[in-house]
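**Student:** Need coordinates for the below:
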Amino acid sequence: MKRQRRAFAALPFAQRRAVVRAVSRGRAVEDRKLAVHAVVVARRQQRLWRWLWLTGPLIGLTQLNLGWEGALVAALISTVTMALLARFWLVRAQRAEASNLELVPKRQRGDLQQPPR
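**Tutor:** Below is the predicted model of the structure:
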């Protein structure tokens with residue numbers, strides 16, 4: 001994975017931007033040779049979105065000065081909001097990973113095997 005991150009960082013800005021833009025939109029990249037990078041970026045985004053909903057309770061903790069009722073309401077509202085946002089972006093990242101994985105040549109797919117979660 002580190003090798004792939006370094007290779008992604010070595011890309012010109014326009015290509016990195018195209019990869020991130022395609023992943024954010026849940027689409028395949030236009031250039032097939034960038035598909036490997038798009039898969040890595042999509043998996044990285046999935047890790048982020050999978051756990052982002054946990055920030056909701058943290059937001060509630062910061063509102064303890066409102067009293068425990070106010071903190072609880074803030075935690076509930078922010079948890080639901082963050083969970084909905086995270087689900088939306090997670091689905092897009094999963095869709096981008098699947099569509100870009102189809103573009104990756106079979107000989108390179110072995111490098112992209114996901115470690116067990």
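
**Student:** Check what pLDDT Glu102 gets.
**Tutor:** pLDDT for Glu102: 90.

**Student:** Leaving out chain neighbours, which residue sits closest to it?
**Tutor:** Among residues not flanking Glu102 along the chain, Ala28 sits closest, at 7.4 Å (Cβ to Cβ, 6 or more residues apart in numbering). All C-beta atoms are positioned from the backbone trio N, CA, C, and that covers glycine.

**Student:** now swap in Ala75 and tell me
**Tutor:** That would be Gly60: by Cβ to Cβ, 6+ apart, it lies 2.3 Å from Ala75.

**Student:** Residue ranges in the protein under the pLDDT threshold?
**Tutor:** 1, 107-117 (pLDDT under 70).

**Student:** quick one on the thing from earlier: let's test this: what are the backbone torsions at the residue nearest to Glu102?
**Tutor:** phi -80, psi 150 (degrees, to the nearest 10).

**Student:** Count the residues that sit near it.
**Tutor:** By other Cβ atoms under 10 Å, the residues close to Ala28 number 20.

**Student:** so what's the residue positioned nearest the centre of the chain closest to, chain neighbours aside?
**Tutor:** The centroid of the chain falls nearest to Gln45 when counting by Cα atoms, centre = their mean (1.4 Å). In this structure, Gln45 finds its nearest non-sequential neighbour in Ala93, 4.2 Å apart by Cβ to Cβ, 6+ apart.
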